[in-house]
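Trainee: got a structure for you, letters missing:
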């Protein structure tokens with residue numbers, strides 16, 4: 001099995017050492033880490049389920065196979081992502097670039113086929129690809145989806161009252177199974193992040209928003225989509241082999257080297273929460289980042305993964321154990337959620353929006 005994986009990675013241009021060797025040696029580990037970094041997933045050098053899934057998706061380039069919608073086994077892959085990007089650039093595909101050949105992608109292909117005057121069957125085969133190539137104006141952009149998302153958010157009003165938010169906590173051991181978190185660290189993360197999540201839920205409920213809190217194994221993948229939630233916030237803490245690693249970071253669905261994939265609402269919300277939490281806690285700003293983690297891409301509702309600090313850093317741990325800091329983090333997340341819906345000309349300075357001011361907007 002390992003030689004096959006090495007050969008596939010070598011075809012992707014990665015240095016993996018001897019492709020015929022069955023040894024998981026240092027050159028191969030570095031190749032795995034490079035692949036993980038390129039794909040925007042957890043970079044741990046381990047061939048876990050998510051890395052193997054990304055390798056499977058990377059097997060196909062557009063034109064390598066015929067693409068069609070199968071509701072039982074939805075096709076995924078880099079070829080689908082490339083097709084969606086091209087369709088979006090031509091104005092046919094308004095959805096998120098998610099690499100899934102689902103019903104929305106099929107509908108976009110049918111629209112393309114109607115414009116080409118070819119058979120309208122939603123199947124992307126050689127004839128459809130030739131027609132796509134002929135009219136492609138090199139407008140490879142997901143801006144149609146981004147514009148629609150921004151318009152939808154702007155049209156939904158400025159108040160949080162009546163909106164539903166899913167608040168998750170203590171999901172690190174579920175979302176990142178290969179992360180070497182000890183039982184003691186997992187218990188500590190659960191204690192601290194559940195407390196922050198509870199404080200956040202209390203704030204949201206106080207201003208008239210609906211908040212559903214889930215933790216660890218109890219997290220339901222499609223709960224947010226089924227409830228029509230406005231956003232999902234996952235509150236976690238991290239660990240590192242280095243005690244120097246510290247700070248707050250937020251993550252949203254997307255790819256730092258392919259912005260067409262980015263969730264526009266998720267990105268904006270992540271940046272707002274990041275700024276608010278850093279301003280209120282004084283913790284190190286590790287910025288917002290696009291990632292294709294399965295925990296971010298497996299649902300359609302905008303989701304932000306908030307890393308509140310490192311349990312392995314003495315300063316971060318001391319901060320997280322301070323109830324006033326946990327209050328500040330909850331305040332920051334609530335303020336970030338509110339600022340997502342405020343008109344730009346009314347948007348307050350980062351770190352200044354209070355719970356009372358949020359209530360007044362209701």
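Mentor: Yep, that arrived. Computed from a prediction, not measured in an experiment: that's the story for all the values here.

Trainee: which stretches of the stretch 1-150 of the chain have low pLDDT?
Mentor: Low-confidence segments of the stretch 1-150 of the chain, defined by pLDDT under 70: 136-148.

Trainee: So which residues of the stretch 201-350 of the chain form helices?
Mentor: Using DSSP state H, counting those that start in this stretch, the helices found in the stretch 201-350 of the chain span residues 223-227, 264-281, 294-297, 314-320, 323-339.

Trainee: For residue 54, find the nearest of those helices.
Mentor: Proximity to residue 54, assessed across those by C-beta to C-beta, is greatest for helix 294-297 (9.3 Å). For glycine as for every other residue, the C-beta is placed from the backbone atoms N, C-alpha and C.

Trainee: That closest one - contacts with which helices or strands?
Mentor: On a contact count with 3 or more C-beta pairs under 8 Å, 6 or more residues apart in numbering; DSSP states H and E, helix 294-297 meets helix 172-175, strand 248-253, strand 303-310.

Trainee: can you put these in JSON lines and add mean neighbour count and mean pLDDT?
Mentor: Shown next, in JSON lines, are those (neighbours: other C-beta atoms under 10 Å; pLDDT from 0 to 100):
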{"stretch": "helix 172-175", "mean neighbour count": "19", "mean pLDDT": "79"}
{"stretch": "strand 248-253", "mean neighbour count": "25", "mean pLDDT": "94"}
{"stretch": "strand 303-310", "mean neighbour count": "27", "mean pLDDT": "95"}
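
Trainee: one step back: residue 77: which of the helices of the stretch 201-350 of the chain is closest?
Mentor: helix 294-297 (13.7 Å).

Trainee: The helices of the stretch 201-350 of the chain: which one's closest to residue 359?
Mentor: Counting by C-beta to C-beta, residue 359 lies closest to helix 323-339 out of these; the figure is 10.0 Å.

Trainee: Would you mind measuring from the nearest residue to residue 305 once chain neighbours are set aside to residue 263?
Mentor: Closest residue in space to residue 305, ignoring its immediate chain neighbours: residue 251 at 4.2 Å, by C-beta to C-beta, 6 or more residues apart in numbering. Separation of residue 251 from residue 263 (C-beta to C-beta, to the nearest Å) stands at 11 Å.

Trainee: cool, and residue 5?
Mentor: For residue 5, the distance to residue 263 - C-beta to C-beta - is 30 Å.

Trainee: Identify the residues contacting the residue nearest to residue 305.
Mentor: Contacts for residue 251 were tallied using C-beta atoms under 8 Å, 6 or more residues apart in numbering; they are 270, 288, 289, 290, 291, 293, 296, 304, 305, 307.

Trainee: Quickly note the distance from the closest residue to the fourth one other than its chain neighbours to residue 60.
Mentor: Counting by C-beta to C-beta, 6+ apart, residue 254 is the residue found nearest to residue 290 once chain neighbours are left out, at 3.2 Å. The span separating residue 254 from residue 60 equals 21 Å under the rule C-beta to C-beta.

Trainee: neighbour-wise, which of the two wins?
Mentor: Under the criterion of other C-beta atoms under 10 Å, the comparison of residue 254 against residue 60 puts residue 254 first, with 26 against 18.

Trainee: Might one say that the more buried one is in contact with residue 263?
Mentor: Yes - here residue 254 reaches residue 263: they are 5.9 Å apart, a contact under C-beta atoms under 8 Å.

Trainee: before we move on, back to that, quick one: the helices and strands packed on helix 294-297 as JSON lines, columns for distance to residue 190 too.
Mentor: Converted to JSON lines, those look like this (distance: least, C-beta to C-beta, whole Å):
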{"stretch": "helix 172-175", "distance to residue 190": "9"}
{"stretch": "strand 248-253", "distance to residue 190": "19"}
{"stretch": "strand 303-310", "distance to residue 190": "13"}
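
Trainee: Of all those, which one is nearest residue 197?
Mentor: strand 303-310 (9.8 Å).

Trainee: Tell me the strands beside the closest one, with direction?
Mentor: According to DSSP bridges, strand 303-310 forms sheet pairs with strand 231-238 (parallel), strand 248-253 (antiparallel).

Trainee: what's the closest of those strands to residue 65?
Mentor: Nearest of those to residue 65, taken as C-beta to C-beta: strand 248-253 at 25.2 Å.

Trainee: starting at the chain centroid, how far to the closest one?
Mentor: Put simply, strand 248-253 sits 8 Å off its chain's centre (C-alpha atoms, centre = their mean, to the nearest Å).

Trainee: now swap in stretch 64-74 and tell me
Mentor: Its chain's C-alpha centre and that of stretch 64-74 lie 24 Å apart, by C-alpha atoms, centre = their mean.

Trainee: Need the residues that contact that stretch.
Mentor: Defining contact as C-beta under 8 Å, 6+ apart, one finds that stretch 64-74 is touched by 75, 79-80, 83, 100-103, 105-106, 122-125.

Trainee: Drop anything exposed from those.
Mentor: For the contacts of stretch 64-74, a burial check counting by 16 or more other C-beta atoms under 10 Å picks out 75, 79, 80, 83, 100, 101, 102, 105, 106, 122, 123, 124.

Trainee: now the second one, what's its secondary structure?
Mentor: Of the three states, residue 79 takes helix under DSSP: H, G, I helix; E, B strand; the rest coil.

Trainee: gap between the two ends of stretch 16-24?
Mentor: Terminal residues of stretch 16-24 lie 10 Å apart, using C-alpha to C-alpha, to the nearest Å.

Trainee: which residues touch it?
Mentor: Under C-beta under 8 Å, 6+ apart, the answer for stretch 16-24 is 2-3, 6-7, 9-10, 25-28, 31-32, 47.

Trainee: Any idea how many residues pack against residue 70?
Mentor: Other residues lying near residue 70 total 11 when counted by other C-beta under 10 Å.
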